[in-house]
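Peer 1: Provide a 3D model corresponding to the input given below.
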Amino acid sequence: MLKNWLTKENLTVTVLLVVLMLGVQVLYSAGILSPFVMLNLIIIAINIILAVSLNLVVGFTGQFSIGHAGFMALGAYASAIMTLNFNAPFIVSLLVGAIVAGIGGIIIGIPTLRLKGDYLAIATLGLAEIIRGVITNIDYLGGAYGLMGITQRTNWLWAFGCMLVTVMVIKNFVQSSHGRACISVRENEIAAEAMGINTTKYKVIAFTMGSFFAGIGGALLAHYITFIEPNAFNFLKSFDILVMVVLGGQGSITGSVVAAIVLTLISTFLQSLAELRLIIYAIILILVMLFRPQGLLGTHELSFKLLQRKRGVSHGNHSADA
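Peer 2: This is a model prediction of the structure:
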């Protein structure tokens with residue numbers, strides 16, 4: 001799997017992203033970037049983690065899940081408890097949150113992923129609401145009032161670093177034989193089974209990986225806003241993440257990245273009109289379904305080769321016109 005990543009283009013992109021990460025940190029430390037700008041950059045990084053991890057389930061494996069916020073809640077609460085009650089280092093809290101969310105993905109995935117289509121969507125939604133309801137009724141987790149006083153340990157370097165690892169791991173997984181098996185499940189589950197692929201196994205693997213990284217997103221969010229409560233992880237949060245996946249393109253990692261950036265910025269600009277946000281989201285979905293049902297990038301990835309190909313086509317058209 002590592003060989004799939006060690007290409008000239010991937011290494012170049014990774015180096016550029018690391019330079020971007022350090023450059024933003026330097027600008028913030030020098031006071032050039034305001035705390036408001038940094039807040040939005042960190043939220044964008046967290047949303048990219050959530051969108052890319054859900055895309056692995058919905059886009060690459062073809063399992064319509066709308067309960068991603070439930071696994072985000074597991075990661076957020078587990079990591080917050082480790083920090084508040086056990087004074088654990090941040091890296092330990094992150095890993096515990098991710099592992100708890102991953103285990104939740106296994107427990108929920110094994111019985112539900114035998115379902116398909118609308119039945120699976122309803123099941124994942126119901127189980128996410130069960131998770132939220134259980135958290136609400138456990139006093140140790142703060143109950144309906146939530147957990148306050150969480151130490152703010154998430155910063156730009158942590159958020160961007162976790163985002164980069166998430167994208168690298170999921171991209172590498174998708175390009176491996178396991179990822180191709182997941183894609184075959186998406187394309188035709190019956191044919192995949194006929195070829196000897198254990199479809200339930202690969203659906204559970206994808207679901208568990210998606211849940212694991214959703215837990216990381218939840219842990220990062222909890223340690224940035226320093227307060228979490230059950231209603232922050234309701235159906236609307238799952239819907240937000242799903243919109244990012246649909247808008248960017250189901251089966252495109254870079255599409256999820258672009259959509260997460262765009263929708264986070266839209267939410268920022270609409271803070272004074274919060275009641276209109278869902279209406280605008282709905283309009284965006286309708287327009288996408290009408291004019292670009294495959295999303296911004298479809299199943300394609302934004303890359304140097306794709307840009308060169310587009311550029312070559314453009315030059316070819318200009319030459320033909322001449």
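
Peer 1: Any regions of this structure where pLDDT drops low?
Peer 2: 1-7, 9, 274, 303-322 (pLDDT under 70).

Peer 1: show me where it has helices.
Peer 2: Here the chain has its helices, by DSSP state H, at 2-5, 8-29, 35-55, 68-86, 90-112, 117-136, 156-174, 177-187, 189-194, 199-225, 235-248, 253-269, 277-291, 304-321.

Peer 1: Mean neighbour count and distance to A144 for those helices - can I get that in a markdown table?
Peer 2: For glycine as for every other residue, the C-beta is placed from the backbone atoms N, C-alpha and C. Below are these laid out as a markdown table (neighbours: other C-beta atoms under 10 Å; distance: least, C-beta to C-beta, whole Å):
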| stretch | mean neighbour count | distance to A144 |
| --- | --- | --- |
| helix 2-5 | 11 | 44 |
| helix 8-29 | 13 | 35 |
| helix 35-55 | 22 | 24 |
| helix 68-86 | 26 | 13 |
| helix 90-112 | 21 | 21 |
| helix 117-136 | 17 | 5 |
| helix 156-174 | 20 | 28 |
| helix 177-187 | 18 | 38 |
| helix 189-194 | 13 | 40 |
| helix 199-225 | 25 | 17 |
| helix 235-248 | 22 | 17 |
| helix 253-269 | 21 | 25 |
| helix 277-291 | 13 | 23 |
| helix 304-321 | 10 | 48 |
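
Peer 1: for those helices, which one sits closest to G149?
Peer 2: Nearest of the helices of the chain to G149, taken as C-beta to C-beta: helix 68-86 at 6.9 Å.

Peer 1: What helices and strands are in contact with the closest one?
Peer 2: helix 35-55, helix 90-112, helix 117-136, strand 147-148, helix 199-225, strand 227-228, helix 235-248 (3 or more C-beta pairs under 8 Å, 6 or more residues apart in numbering; DSSP states H and E).

Peer 1: related to what we said a few turns ago, could the helices of the chain be laid out in CSV, adding distance to G62?
Peer 2: Converted to CSV, the helices of the chain look like this (distance: least, C-beta to C-beta, whole Å):
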stretch, distance to G62
helix 2-5, 22
helix 8-29, 25
helix 35-55, 11
helix 68-86, 16
helix 90-112, 14
helix 117-136, 10
helix 156-174, 13
helix 177-187, 3
helix 189-194, 8
helix 199-225, 9
helix 235-248, 12
helix 253-269, 15
helix 277-291, 18
helix 304-321, 23
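
Peer 1: Would you mind saying which of the helices and strands packed on helix 68-86 lies nearest K171?
Peer 2: helix 35-55 (8.6 Å).

Peer 1: In terms of secondary structure, what does that closest one contact?
Peer 2: Checking 3+ C-beta pairs under 8 Å, 6+ apart, helix 35-55 ends up next to helix 8-29, helix 68-86, helix 156-174, helix 199-225, helix 235-248, helix 253-269.

Peer 1: Would you mind giving these as a markdown table with distance to V100 added?
Peer 2: Formatted as a markdown table, the helices and strands packed on helix 35-55 follow (distance: least, C-beta to C-beta, whole Å):
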| stretch | distance to V100 |
| --- | --- |
| helix 8-29 | 27 |
| helix 68-86 | 4 |
| helix 156-174 | 16 |
| helix 199-225 | 6 |
| helix 235-248 | 18 |
| helix 253-269 | 24 |
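
Peer 1: Nearest to A98 among these would be which one?
Peer 2: Of all the helices and strands packed on helix 35-55, helix 199-225 comes closest under C-beta to C-beta, at 4.2 Å.

Peer 1: Next one: the residue lying closest to A88 once chain neighbours are set aside from A159, what distance?
Peer 2: Excluding the flanking residues, the one nearest A88 by C-beta to C-beta, 6 or more residues apart in numbering is M82, at 4.1 Å. According to C-beta to C-beta, to the nearest Å, M82 stands 18 Å off from A159.

Peer 1: contacting residues for the residue nearest the centre of the chain?
Peer 2: Nearest residue to the geometric centre of the chain (C-alpha atoms, centre = their mean): L50, 1.9 Å. Residues near L50 by C-beta atoms under 8 Å, 6 or more residues apart in numbering: H68, M72, F213, A214, G217, I241, M244, A260.

Peer 1: Pick the one among these closest to Y28.
Peer 2: Nearest to Y28 among the contacts of L50, with distances taken as C-beta to C-beta, is A260, at 20.4 Å.

Peer 1: ok so, going back, select, out of the helices and strands packed on helix 35-55, the one closest to I131.
Peer 2: Among the helices and strands packed on helix 35-55, helix 68-86 sits nearest to I131 (C-beta to C-beta), with 4.1 Å.
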